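Chemist: Fold the following, please.
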Amino acid sequence: IDVIHPGARYIVVAVSIVQIIFFAETVVVMMATKLPLKLKELIIVFFERTFFGIIFAALFARLLGFM
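Modeler: Numbers count the residues shown, from 1 in each chain. Model (predicted):
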């Protein structure tokens, strides 16, 4: 594990946590509102969250001095 750069480890963990939290939140909102969402729309939202999660995690890693 020492071979992996600390910045890369931070980004992977941060994006994973963001995905878990937002996935759980999305399921609760969908069940509560009963919105007619299609699988295609959910997949697009998943990739958008992943994209923005990577960007923000990289920015915070840079600000915290990991990179």
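
Chemist: can we go C-alpha only for contacts and neighbour counts from here?
Modeler: Noted.

Chemist: How many residues are close by F51?
Modeler: Neighbours of F51 under the rule other Cα atoms under 10 Å: 12.

Chemist: How much space separates F22 from G7?
Modeler: Relative to G7, F22 is positioned 22 Å away (Cα to Cα, to the nearest Å).

Chemist: So for these two, which residue has more residues nearby?
Modeler: Using other Cα under 10 Å as the criterion, F22 and G7 rank with G7 on top: 18 against 13.

Chemist: which secondary structure element contains the more buried one?
Modeler: helix 6-33 (DSSP states H and E).

Chemist: Give me the mean pLDDT for whatever helix or strand comes next after that helix.
Modeler: Using DSSP H and E, the helix or strand that directly follows helix 6-33 along the chain is helix 39-64. For helix 39-64, mean pLDDT rounds to 90.

Chemist: What's the local residue count around I43?
Modeler: Neighbour count of I43, defined by other Cα under 10 Å: 11.
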